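1. pasting the sequence and the predicted coordinates here, then a few questions.
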Amino acid sequence: MRKMIKTIKKTILPIIIVFVLFIGGIIFFNATVYTVKVNESAIIIRLGKIQAVESNPGMHIHAPFIESVTKVYTGDILYDIPVSDVITSDKKSMIADNYVIWSITDPTKYYQTLGAVRGRAEERIEAAVYNATKNTISSMTQDDIIAARGTTLTDMITKASNSDISQYGITIELAEIKALDLPDDNKEAVYERMISERNNIAASYTAKGQAEAQKIKNETDKQVAILTAAAEKDAAKIEAEGEAEYMRILSGAYNDEGKAEFYNYLRGLDSLSSMTGDNKTLILDKDSEYAKILYGNQE
């Protein structure tokens, strides 16, 4: 029996030693090697002091047991800030609902001031953004705020927020009001005033458009009248010239006594035709010029 026990001990002991060495190696490896991911920084701390900050992705080595590694995410972080009441310069109450995109830009400061704790960072961010929003809104009237909503207001709040938060090694990339609402008790009055203002603006544009249209119409009518008058003048001139040419041709055609007599004869017949009308009956005195024409006696 004793011999069997000794044999077992001799067989198992090397296995146990190998296993212990293997486990020890894993522990030593894990205590020595650390990995840095993309958008991540590793802060190497020895006896409570920062020894180095590693930001290059990949595997790295540090002194085991006497150094610790604190990792921080350095990419963009979204933080939704609770809604808050703000007062405008004309003493109107509004409700602001902000969100923030922030990042860690100085891991050393971040660790030294906030212990690299995200919750502490967001507490500071919330306070800074609230103060920036309150100060910005309080410097503007309600109408100015409504008109400035968007990029202008966002830029103002972001800039003001960063002036209070840079000491912590973090940067606010964007501090935007996603909703800027009115308290329920004065919503209706403000909406009615906004509708009235928009209607006034619309009426102003309509009046300007109608005035411009009338101006164009008047100018067009003027141009038409000028062109019509010019056309009528030219037509009258051409007609007069045509009559003159007609008379010249007639004068040339009947420039002797025989032709003139024949011309007078034709003109007399034309006038008789116009005088008879529909009855085709004409009563003449025997001594009238027309009777002489009909009888061929014009003496």
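-> Received it, and whenever you're ready, just let me know what you need.
2. got the phi and psi for V117?
-> Note on V117: its backbone torsions stand at phi -100, psi 120 [degrees, to the nearest 10].
3. give me the distance between it and T70.
-> Separation of V117 from T70 (Cβ to Cβ, to the nearest Å): 10 Å. To be clear about C-beta, it is placed using only N, CA and C from the backbone, and glycine gets the same treatment.
4. isn't L182 right up against M94?
-> Yes: here L182 reaches M94: they are 6.1 Å apart, a contact under Cβ atoms under 8 Å.
5. circling back to that earlier point, quick one: which of V117 and T70 has more around it?
-> Neighbour comparison, V117 and T70: the larger count goes to T70, with 16 against 12 (by other Cβ atoms under 10 Å).
6. residues in contact with the helix or strand harbouring A175?
-> Per DSSP states H and E: A175 is located in strand 170-181. With contact meaning Cβ atoms under 8 Å, 6 or more residues apart in numbering, strand 170-181 is reached by 76, 83, 94-106, 110, 121, 124-125, 128-129, 132-133, 145, 149, 153-154, 157-158, 161-162, 165, 187.
7. next one: stretch 148-168
-> Contact with stretch 148-168 is made by 98, 100, 102, 109-110, 113-114, 121, 124-125, 127-129, 131-133, 135-136, 140, 145, 171-177, 180, as judged by Cβ under 8 Å, 6+ apart.
8. give the buried subset of the residues you listed as a ChimeraX selection command.
-> Paste this into ChimeraX to select the buried members of those, with burial taken from 16 or more other Cβ atoms under 10 Å:
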select :98,100,102,110,113,114,121,124,125,128,129,132,133,136,140,145,171,172,175,176,177,180
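9. for the strand holding A175, which strands pair with it and how are they oriented?
-> Using DSSP bridges, strand 170-181 pairs in its sheet with strand 93-104 (antiparallel).
10. all strands for the chain, in order.
-> Under the criterion DSSP state E, strands of the chain are mapped to 33-36, 40-46, 49-54, 58-61, 67-73, 77-80, 84-87, 93-104, 170-181.
11. parallel or antiparallel, list what pairs with the third one.
-> In this case it means strand 49-54. Take DSSP bridges as the rule and strand 49-54 pairs in its sheet with strand 40-46 (antiparallel).
12. quick one: the strand it pairs with to strand 67-73, angle?
-> Orientation note: strand 40-46 sits at an angle of 160 degrees relative to strand 67-73 (axes from the mean of the first three to the mean of the last three Cα atoms, to 10 degrees).
13. what distance do you get for the closest residue to G169 other than its chain neighbours to R118?
-> Closest residue to G169 apart from its sequence neighbours, by Cβ to Cβ, 6 or more residues apart in numbering: K109 at 2.9 Å. Taking Cβ to Cβ as the measure, K109 falls 15 Å from R118.
14. and K159, by the same measure?
-> K159 is 24 Å from R118, by Cβ to Cβ.
15. which residues does V36 bridge with?
-> V36 has these beta-bridge partners by DSSP bridges: G58.
16. what residue ranges in the stretch 1-150 of the chain score low on pLDDT?
-> Scanning the stretch 1-150 of the chain for pLDDT under 70 picks out the ranges 1-31.
17. per the record, what domains does the protein have?
-> Under the assignment automatic domain parsing, the domains of the chain span 2-72, 77-181, 192-253, 256-299.
18. from D164, how far off is K208?
-> Distance, K208 to D164, by Cβ to Cβ: 47 Å.
19. so what's the residue count around I104?
-> When neighbours are counted by other Cβ under 10 Å, I104 registers 24.
20. let me see the ranges of the helices in the chain.
-> Secondary structure of the chain by DSSP state H: the helices cover 2-32, 107-114, 118-138, 142-148, 151-165, 184-253, 257-276, 289-294.
21. how big is the angle separating the longest one from strand 93-104?
-> For helix 184-253 against strand 93-104, the angle by the same axes, to 10 degrees is 90 degrees.
22. what do you get for the third one?
-> For helix 118-138 and strand 93-104, the angle between their directions (the same axes, to 10 degrees) works out to 140 degrees.
23. which other helices and strands does helix 118-138 contact?
-> Contacts defined by 3 or more Cβ pairs under 8 Å, 6 or more residues apart in numbering; DSSP states H and E place helix 118-138 against strand 77-80, strand 84-87, strand 93-104, helix 107-114, helix 151-165, strand 170-181.
24. include distance to E241 when you put those into a markdown table, please.
-> Conversion of these to a markdown table gives the following (distance: least, Cβ to Cβ, whole Å):
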| stretch | distance to E241 |
| --- | --- |
| strand 77-80 | 89 |
| strand 84-87 | 86 |
| strand 93-104 | 82 |
| helix 107-114 | 100 |
| helix 151-165 | 73 |
| strand 170-181 | 79 |
